[in-house]
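Asks: Got a predicted structure here, sequence first:
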Amino acid sequence: MLELREATVSYGKVTALHRLSLFVGQGQVVTIIGANGAGKSTTLRAISGLARLTSGEIRFQDARIDNLAADVIVSRGISHVPEGRRVFPDMTVRENLMTGAFRRRFGPEVDADLEQTLVRFPRLAERSQQLARTLSGGEQQMLAIGRALMARPALLLLDEPSMGLAPVIIDEIGSIIRSINQTGVPVVLVEQNAELALSLADYAYVLERGRLCLEGEAASLRDNELVRTAYLGV
Amino acid sequence: MLELLLQTGLNALYAAAYLSLVAVGLVLIFGVMGIINFAHGELFMLGAYVVVALYSGLQMPFVLVAAIGLVFVGCVGILMELSMFRQLRGNPLGGLVASIGFLMVLQALVAMGFGVRMEHVPPFTQDVIILSERVRLPVQRLIVIIVAVMLLVALWLFLKRTKFGWALRASAQDKEAAALQGISLRTTSLIAMFIGGALAGIAGSLTAPLISVTPTMGHSVIVAAFIVIIVGGIGSLEGAVLAAFIYAFVHTGVTTFLDGVIADIVGLALMLAVLVIRPTGFFGSADRA
Ligand SMILES: Nc1ncnc2c1ncn2[C@@H]1O[C@H](COP(=O)(O)OP(=O)(O)OP(=O)(O)O)[C@@H](O)[C@H]1O
Ligand SMILES: [Mg+2]
C-alpha cells in the first residue's frame, strides 16, 4: 500500500536519505531503526510531504504522492505523529483532538470518534479541558497519537513515540500501537528503542547514515548478530 | 476632579476600543504568518476613506458604509496575501519589506484620488449621552465601543469554538504540526488577512467622523498599535486587548492632564520599560515570541 522507490532526500550538500526503497503491506507494522541522524525522521517527513525528494518516488495506494503538499497528503489517508509530539501547546486536549479531524466534515461521526478516542485514552478524557502544554510527556504522546487517529488514517506514521518516556509508559504506548494495528491500520514505526520496535513490527529496516544497511522479518532481525550488538545491546 | 477623571476614562475607553481592533488584527497576522504588517495603519486609513467616498461623498447610509468598509478592507487584506505574502512565504523579512512598499502605494493611491488634505466627515449622529454636567459621551464614541466589543467577542468565539478558528490557532502555534493535520497555511493566511484587514477597516470607518482623515493618518495608529502589541506580548490576543486599554488610559490621561507630545513620549517609555523588565510582554511566553 506504501512504497518508496530509491527515495533520496538532500538538505543542501547533506544527503539525509540515499536511495531508500521500502514497502509497507496491508495491515503491517513496519519499523525503521537506526542511530541518531540515520535518516529515520527524514524518511517519514518525505512520506508525509514535509520533506521533498531529490530523486526517486513514493507511491501510496497506487498513486504517486511525493509531489503533493503535506496538507493534501493527510486527505489521502496518511497521518504522521512527528518526533517530539508537537501537540498544540496553547490549545486544550479536546481542541487538539478536533484539529486532527480538520480534513473531515464535522458532525456526528467526528463527535463519535472524539468520544471513542477519549474512551481509548482515559488519561486524556480526565484532562480534556486542560491545555496541552500542561500534560506530561506520556500524555502528550497519547494526545499526539489520538490527534492523528481523529483523521481516520489509512496509514499511521509514528516517529519515536517512546522518546523520553518511562518504561511503564513505553509499555502502554506499545499496547496502544498494537491495538491500533489490530483495527487494520498499517503503521510505520520509527524507533531508537529497537527492542520495542522489533517486538511490535512484522518487518524491519535498519538505516545507517542515510542508507539502508539491513532489512528483514522483525523476528529474524532480533536474532541477527549485527542488530543484537549494535541496537539491542546484548 | 472626579468628573474629569470619569470623562478621561470614557475617552480612553473609546481610544482603547478602536486601538484594540487594529492591534488584534496585527497580532493575528503576525501569529499565523510571521509577518509584521507595516501597512496595517493604511488599512485603517482605507476604512476611513471608504466613509469619505461613500458617506460624505455619495451620502449612503452610515451603517451600510461601515459594513462596506469592513468587507472592502478585509478584501484588500486578501489581496495583500495573494499578491505578495504568498510569494514570500518563509521569508518574514521579505513580507515586512513588501508591506512597507504596499503602505506607500496605498498612501499614494489615496492621495491621488482624494488629494493631500484633511477630509471633513460629517457626524452620523449628534446625540450625546449626558451623564452629568461635565461628563458626556457622544453616541458616535459609544457606538465605536459597542461595535469593538461585539467584534472582539465574535473573534474570540470564532477562535475558540469553530473549526477554522482552531486551524488558525494551530497554525500560529506550530505550522508544521498544523500541516500534518491537513491545515493549509494558504487557507489560514487568507482568513488571518481578511480578519486583520476587516477589523482595521471598520475601526477606520467608525472613527472617520471623529478624527482627522488624511492619507497619512495611519502613522499614529500603527505606532500606537506597535506599542500595544509589544506591551501585550507579541502573539497574544488577550495581551493586545489588555495593553490597548493600558496604553489608551495612560495616553489619554497624560494628554488631558499634561499634553499630547508628552503622552506620546510616555507611551514609548511604557514600551521600553516593558521591553526591559519583561521582554516577552505581559502575556507573551518565550516560546511563542
Ligand atoms: N532541515 C534540515 N536541514 C539540514 N539537515 C538536516 C535537516 N533535517 C535533517 N538533517 C540532517 O539529515 C540527517 C538525518 O536526519 P534525521 O532527522 O532524519 O535523523 P534521525 O534518524 O531521525 O535521527 P534521530 O534519531 O536523532 O531523530 C542528519 O544528518 C541531519 O543533520
Ligand atoms: Mg528523528
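Replies: Structure received. Numbers count the residues shown, from 1 in each chain, chains lettered A, B, ... in the order given. Ligands and ions are numbered 1, 2, ... in the order given.
Asks: For residue A:38, give me phi and psi.
Replies: Residue A:38 adopts backbone torsions of phi -70, psi -20, taken as degrees, to the nearest 10.
Asks: show me what contacts it?
Replies: For residue A:38, the contacting residues are A:207-210, by C-beta atoms under 8 Å, 6 or more residues apart in numbering or on different chains. C-beta here means a position set from N, CA and C on the backbone, and glycine is covered the same way.
Asks: Residue B:56 too?
Replies: Residue B:56 neighbours (C-beta under 8 Å, 6+ apart): B:119-122.
Asks: any chance of the contacts of residue A:38 in JSON lines, plus neighbour count and distance to ligand 1?
Replies: JSON lines is the format used below for those (neighbours: other C-beta atoms under 10 Å in any protein chain shown; distance: C-beta to the nearest ligand atom, whole Å):
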{"residue": "A:207", "neighbour count": "25", "distance to ligand 1": "7"}
{"residue": "A:208", "neighbour count": "14", "distance to ligand 1": "10"}
{"residue": "A:209", "neighbour count": "14", "distance to ligand 1": "8"}
{"residue": "A:210", "neighbour count": "22", "distance to ligand 1": "6"}
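Asks: ok, so of the residues you listed, who is nearest ligand 2?
Replies: Among these, residue A:207 lies closest to ligand 2 (C-beta to the ion), at 10.5 Å.
Asks: In three-state terms, label that closest one for me.
Replies: strand (DSSP: H, G, I helix; E, B strand; the rest coil).
Asks: Tell me what it is bridged to.
Replies: residue A:34, residue A:212 (DSSP bridges).
Asks: Give me the contact list for the helix ranked longest in chain A.
Replies: Ranked by residue count, the top helix of chain A under DSSP state H comes out as helix A:167-182. By C-beta under 8 Å, 6+ apart, the list of residues contacting helix A:167-182 from outside reads A:27, A:29, A:120-121, A:137-138, A:141-142, A:145, A:149, A:156, A:158, A:161-162, A:165, A:187, A:189, A:193, A:196, A:199-200.
Asks: same thing with stretch A:86-95?
Replies: For stretch A:86-95, using C-beta under 8 Å, 6+ apart, the contacting residues are A:96, A:99, A:114, A:124, A:127-133, A:135, A:140, A:143-144, A:147, B:166, B:169-170, B:173-174, B:176-178, B:180, B:287-288.
Asks: Among those residues, which are located in helices?
Replies: A:96, A:99, A:114, A:124, A:140, A:143-144, A:147, B:166, B:169-170, B:173, B:176-178, B:180.
Asks: from those, which two are the most distant?
Replies: Across the ones in helices among the contacts of stretch A:86-95, no pair lies farther apart than A:114 and B:176, at 23.5 Å, counting by C-beta to C-beta.
Asks: quick one: pLDDT of residue 52?
Replies: No chain specified, so I'll use chain A. Looking at residue A:52, its pLDDT is 96.
Asks: look at chain B instead
Replies: Residue B:52 is given a pLDDT of 97.
Asks: what separates it from residue B:148, distance-wise?
Replies: 21 Å (C-beta to C-beta, to the nearest Å).
Asks: Residue B:275 now?
Replies: From residue B:275 to residue B:148 the distance is 27 Å (C-beta to C-beta).
Asks: between these two, which one's more packed in?
Replies: Set residue B:275 next to residue B:148 and count neighbours by other C-beta atoms under 10 Å in any protein chain shown: residue B:148 wins out with 25 against 13.
Asks: Quick check: nearest residue in space to the more buried one, chain neighbours excluded?
Replies: Nearest in space to residue B:148, with sequence neighbours left out and distances taken as C-beta to C-beta, 6 or more residues apart in numbering or on different chains, is residue B:17 at 3.7 Å.
Asks: ok, the one you found - how many residues close by?
Replies: That count, for residue B:17 with other C-beta under 10 Å as the rule, works out to 27.
Asks: so residue A:8, which of the three states?
Replies: Under three-state DSSP, the three-state class of residue A:8 is strand.
Asks: Report the contact partners of it.
Replies: If a contact means C-beta under 8 Å, 6+ apart, then residue A:8 has A:15, A:17-20, A:53-56 as its contacts.
Asks: Try it again at 6 Å.
Replies: Taking C-beta atoms under 6 Å, 6 or more residues apart in numbering or on different chains as the contact definition, residue A:8 lies against A:17-19, A:54-56.
Asks: what about the closest residue to ligand 2 within chain A, which helix or strand?
Replies: Of the residues in chain A, the one nearest ligand 2 is residue A:41, at a distance of 3.0 Å by C-beta to the ion. Following DSSP states H and E, one finds residue A:41 within helix A:40-48.
Asks: Quickly check: stretch A:74-83 near chain B or not.
Replies: Yes: using C-beta under 6 Å from any C-beta of the partner chain, stretch A:74-83 reaches chain B at A:74-75, A:80.
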